[in-house]
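Student: After the sequence you'll find the predicted model.
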Amino acid sequence: MSQFGDIGGLGRHYLQAESYGAAAFCFYRLLHEESGSANGWNGLVLSLSLMRKENDSQTALARYGLQPNSVFDQDLISFALMIWQHDPRALSQWMRAVLAKEGSNVENRHVFEQIAEELEQAYAGLLQQHGEEALTNQGMLSLTDYASRRMELDWLVSESFDNVIEQGKKWLEDPESALYGVRLLCMLPDPRSEKLLRRVCRNEDIDAKVRTHAVLALRWLGVRGNARISKFGESFVINLDNPEPELSISVPAAYRPALDRMKLWCAKQIGLVDPVDYEAVATADEVELSEELKNKMSETDVAPILQEVAHMLIRSAYDQYYPLVPTVTGARDWAAAMLWLMKDYAEGVGVEWPYGNPELTEMAQRHRNWLLSGSPDFYDSIEAAKQARIAQAQAQMQAQEQPEPEPEQANQ
């Protein structure tokens, strides 16, 4: 039994209550006392992932893989496949490590072994083509490299609560670090964390998006009941038991029909979906898409970076204006607004856009403007990426045009 009582059980309680910050703290403390705890590793990875702390999720997964007395947990494989989908080096090493753990003699073990082998072959091909240094610079690290990175919880748990609170105050006073401070305090179960986060919610001198994250941080900390958030000179009461409008780190569910129709339009444009079938569902928000249409959407393979652009724009505007966010109706117009912005991004940074021009209605234009209002530097960032791409291309051309040295010069 932990000196803190059943801290693993408390972590599960927090996790089920969507208090992910408090849950992460509990599971981390549990692992300090029981380094092989299956409940601890599973809960820690899940908590960090649900808070979208991707770097710390990778570090926790890597430490689990390298922890000799931890047992096989098939549930964590799906997390690893998702979080290292672009890093065959780390994923293959992780798969080999977990397949060597106690309890790994499962029925589908051969499937996991085959995945590991294919990943190793993929990385070997990349290694031969680009070299290890180039791949490392692109972020393909070894499992040991991931495990050795410092997590936020490493510092938080190693310091006294008093020191963490004092440092948190300093972060919250700095506009550049306020969001970091908010996201850290949600993992420190102390009454002073709640007090600081409530102050952030009410302080209109702090960025509006950070204030929205502070409300969410209170919920992740395990606080329930009402919280006040100040926006646009008014004070709004949010019920942390069931926030309305929806409050989460992900794209709100209300935008899902629009995102579906966004991908469906792309599928239509490349001939995967019949225009008649598209029209039958495009303007009806409440119509559930058939399995056939969902499969066609999956086949469309819209570039993940472009989908992430749409998600980022939604999330940014939503955080800016919460709780005064629009009711999402007319999914077709919302989809068109996102498609135009995705097209502008793709053409600006050099990503393929094979879909042509989206629809443009007056309502779509209004939605587009609302999305942009949450990211006023959207086109500036595209231009900066474009100029960087041009500069890189020019440098490569100049390198290719450099004459090779004469044999006599080369030998000097």
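Tutor: Received the coordinates, thanks. Computed from a prediction, not measured in an experiment: that's the story for all the values here.
Student: Which neighbouring elements make contact with the top helix by length along the chain?
Tutor: Ranked by number of residues, the top helix in the chain under DSSP state H is helix 378-401. For helix 378-401, the packing partners by 3 or more Cβ pairs under 8 Å, 6 or more residues apart in numbering; DSSP states H and E come out as helix 331-349. Glycine gets a C-beta too; all of them are placed from N, C-alpha and C.
Student: Doesn't Ala227 belong to a strand?
Tutor: Yes: applying DSSP: H, G, I helix; E, B strand; the rest coil, one finds Ala227 inside a strand.
Student: tell me the pLDDT at it?
Tutor: For Ala227, the pLDDT comes out at 98.
Student: and it, what does it touch?
Tutor: 198, 201, 215, 218, 237-238, 240 (Cβ atoms under 8 Å, 6 or more residues apart in numbering).
Student: Repeat the analysis, applying 7 Å as the threshold.
Tutor: Ala227 is in contact with 198, 201, 215, 218, 238, 240, counting by Cβ atoms under 7 Å, 6 or more residues apart in numbering.
Student: How far does stretch 351-370 sit from its chain's centre?
Tutor: 24 Å (Cα atoms, centre = their mean, to the nearest Å).
Student: Return the alpha-carbon coordinates of that stretch using PDB.
Tutor: Presented in PDB, the C-alpha positions along stretch 351-370 are these (Å, rounded to 0.1, in the frame of the first residue of the first chain):
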ATOM      1  CA  VAL A 351       1.300  20.500 -50.200                       C
ATOM      2  CA  GLU A 352      -0.600  18.800 -53.000                       C
ATOM      3  CA  TRP A 353      -4.200  20.000 -53.400                       C
ATOM      4  CA  PRO A 354      -6.000  17.800 -56.100                       C
ATOM      5  CA  TYR A 355      -9.500  18.800 -55.200                       C
ATOM      6  CA  GLY A 356     -10.100  22.100 -57.000                       C
ATOM      7  CA  ASN A 357     -12.000  25.100 -55.600                       C
ATOM      8  CA  PRO A 358     -14.500  24.500 -52.800                       C
ATOM      9  CA  GLU A 359     -18.000  26.000 -52.800                       C
ATOM     10  CA  LEU A 360     -18.200  29.600 -51.700                       C
ATOM     11  CA  THR A 361     -21.400  30.900 -50.200                       C
ATOM     12  CA  GLU A 362     -22.000  34.000 -48.100                       C
ATOM     13  CA  MET A 363     -22.400  31.900 -45.000                       C
ATOM     14  CA  ALA A 364     -19.200  29.900 -45.800                       C
ATOM     15  CA  GLN A 365     -17.400  33.200 -46.000                       C
ATOM     16  CA  ARG A 366     -18.700  34.300 -42.600                       C
ATOM     17  CA  HIS A 367     -17.600  31.000 -41.100                       C
ATOM     18  CA  ARG A 368     -14.200  31.400 -42.700                       C
ATOM     19  CA  ASN A 369     -13.800  34.900 -41.200                       C
ATOM     20  CA  TRP A 370     -14.700  33.600 -37.800                       C
END
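Student: buried ones in it?
Tutor: Under the neighbour-count criterion of 16 or more other Cβ atoms under 10 Å, stretch 351-370 has 353, 355, 358, 364, 367-368, 370 buried.
Student: Neighbour-wise, give me the winner out of the contacts of Ala227.
Tutor: Neighbour tally across the contacts of Ala227 (other Cβ atoms under 10 Å): the maximum, 28 neighbours, falls on Leu218.
Student: does that one really touch Leu196, like I thought?
Tutor: No: using Cβ atoms under 7 Å, Leu218 is not in contact with Leu196; the gap is 10.2 Å.
Student: How are the helices of the stretch 51-200 of the chain distributed by residue range?
Tutor: All helices of the stretch 51-200 of the chain, identified by DSSP state H, counting those that start in this stretch, fall at 54-66, 75-83, 88-99, 109-130, 132-137, 143-148, 152-158, 161-173, 178-185, 191-202.
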